[in-house]
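Novice: Generate a structure from the sequence data that follows.
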Amino acid sequence: MGLLGPNIKKLEKRGDIEGLCQALMDERSKTREAAAAALGRLGWEPDTNAMRAWHLAGKRSWQELADLGELALPPLLEGIQHHEDGVRNAVWQILEQTAISHRDAAVPLMCEALCDRLMGVDVRDALRPNRDRTAEARIRMVECLGRLGDPRAVLPLVRGESLLLKDGELGRPGDFAFETKREYFNLVKGAIKEIGEPAAGPLFEALNSTGTEFETEKFTLASMLGDLGSSALAPALELMDHENQWVRSRAIDVLEKMEDTRATERIAEALRDEACPVRTSAATVLGRRSWQPADPQENAYFLFAQVINSCQAHQYADANGFEERLLALGEQAVGPLTQFLHMKDRVTVGQRKGVKMLTEDPIVYDERTVGKLAHTAILTIGETAVEPLVLALKDKNNRIRSEAADLLGRIGDPKAAQPLTGAMNDDDEKVRKAATKALKKLK
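Specialist: Model (predicted):
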């Protein structure tokens, strides 16, 4: 075999039928067709229908090939990257027709081709025409799998995202080769939407897998549930307990599309999530739903999350408005605010009206942690915050206990002396130090 594949002329001259039959299945379309022509000149006839399928593909006898049913699938899948546009179009037409008639056999083979041949190659090293054909085949394969509507295609479609190269690797705008992961994501999302409700099961199974196979795709998997209608409600509700905060955040986006009261109730519960991005996502969705909190504490969780959202969007006038409503809750806001004290997520803050929680200077914009914002808000509330802060000295989170001790010292109410004395025996050294320092301020 030469550098560019088998030497068909030499094989034909030697009458090497076995070598020519192997060349019928070569990855190069020109080699396959040259081998078919040589075998014809030698008067060879295939002895199995499987080999006949490869021979017919090499001769471009498409209708006869289609008559072979599922045996036509391997040569058709090899032909989707043929060097001629007209041939590729003919191959795709017959491939889709055959796949519809023989779905059980077609879907696994098409998924294998997508992941092993159309994704698992570095197309940057290929010639431009080959690169374009690979990208074209990838697009058409995803679209075809979507039209087939088989849920077995869901996980291979998603797995393809991790097999793609980094954004922008495949060419320039205007040709088939210009793709990014984001474009592939949208393509797959459309295919899964076509598959419909049966896709919910595989997506949820992969999201709950304990292995690492789909670890990098879990955010993508969660994103795709939202287009599957009511069948996505139960999986999305379960995903709200997922260990990955970004999956929980994406599950909120899915639940937003549901008109079910269970969805709204679960989003409201997420205002108390341990992760700040989940709380702020919940507040955003609830704000769009014109939702009303059940009690002042729930309102405090909501308003503080909206302060963070507004700061992140640089909408400082809105942030001030939410903050004023929050501080007006007084003591009832303190308990929820203590649950933000440990958060290190950073936001840029500023203000227009001199509200103390954000910044003293109306022209200053500063970057602060969410915990620092909560800390400042509690100090602004003042002495009425003491009782909730004493309760926070028993919180399971040592950082919250430490911050609560510091705040009690800053507020300076003598009623905090006894609880702070008890905190000096805390299991955590930082809490003990904070309590000791706070007690000194009370004297």
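Novice: Going by C-alpha atoms from here, please, whenever you check contacts or count neighbours.
Specialist: Will do.
Novice: May I have the distance across stretch 421-440, first residue to last?
Specialist: Taking C-alpha to C-alpha, to the nearest Å, stretch 421-440 runs 11 Å from one end to the other.
Novice: the strands in the protein, which residues?
Specialist: Secondary structure of the chain by DSSP state E: the strands cover 346-349, 366-369.
Novice: From Val431, how far off is Phe304?
Specialist: Applying C-alpha to C-alpha to Phe304 and Val431 gives a distance of 25 Å.
Novice: of those two, who's got more company?
Specialist: Phe304 (29 against 25; other C-alpha atoms under 10 Å).
Novice: What is the burial count for the closest residue in space to Lys441 that isn't next to it in sequence?
Specialist: Once flanking residues are discounted, Lys441 sits nearest to Gly409: 5.7 Å by C-alpha to C-alpha, 6 or more residues apart in numbering. Neighbour count of Gly409, defined by other C-alpha under 10 Å: 25.
Novice: Next: Ala435.
Specialist: Ala435 has 30 nearby residues by other C-alpha under 10 Å.
Novice: Double-check it against Asp426; I have them as touching.
Specialist: No - counting by C-alpha atoms under 8 Å, Ala435 stays clear of Asp426, with 9.0 Å between them.
Novice: my guess is Gly15 contacts Leu42, does it?
Specialist: Yes - here Gly15 lies in contact with Leu42, judged by C-alpha under 8 Å, at a distance of 7.4 Å.
Novice: ranges for the helices of the stretch 201-350 of the chain?
Specialist: Taking DSSP state H, counting those that start in this stretch as the criterion, the stretch 201-350 of the chain carries its helices at 218-224, 233-239, 245-256, 261-269, 276-288, 296-312, 316-327, 331-338.
Novice: possible to save these as CSV with distance to Pro419?
Specialist: Formatted as CSV, those follow (distance: least, C-alpha to C-alpha, whole Å):
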stretch, distance to Pro419
helix 218-224, 44
helix 233-239, 39
helix 245-256, 34
helix 261-269, 30
helix 276-288, 29
helix 296-312, 23
helix 316-327, 25
helix 331-338, 16
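Novice: so where's this protein uncertain?
Specialist: Within the chain, the segments meeting pLDDT under 70 span 1-4, 120-131, 161-181, 210-219, 348-367, 443.
Novice: what's the longest helix belonging to the chain packed up against?
Specialist: If you go by DSSP state H, the chain has its longest helix at helix 128-148. Other elements packing on helix 128-148 under the criterion 3 or more C-alpha pairs under 8 Å, 6 or more residues apart in numbering; DSSP states H and E are helix 85-101, helix 103-116, helix 181-195.
Novice: the domain parsing of the protein - what is it?
Specialist: 1-101, 102-195, 292-443 (automatic domain parsing).
Novice: which one of those domains lies closest to Arg272?
Specialist: domain 292-443 (7.0 Å; C-alpha to C-alpha).
Novice: for that closest one, the distance to its chain's centre please.
Specialist: With C-alpha atoms, centre = their mean, to the nearest Å as the basis, domain 292-443 stands 33 Å off its chain's centre.
Novice: same thing with stretch 249-263?
Specialist: 16 Å.
Novice: Equivalent analysis for stretch 60-68, please.
Specialist: In terms of C-alpha atoms, centre = their mean, the centre of stretch 60-68 is found 41 Å from the chain centre.
Novice: now the domains of the chain in JSON lines, with distance to Glu238?
Specialist: Converted to JSON lines, the domains of the chain look like this (distance: least, C-alpha to C-alpha, whole Å):
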{"stretch": "domain 1-101", "distance to Glu238": "34"}
{"stretch": "domain 102-195", "distance to Glu238": "19"}
{"stretch": "domain 292-443", "distance to Glu238": "22"}
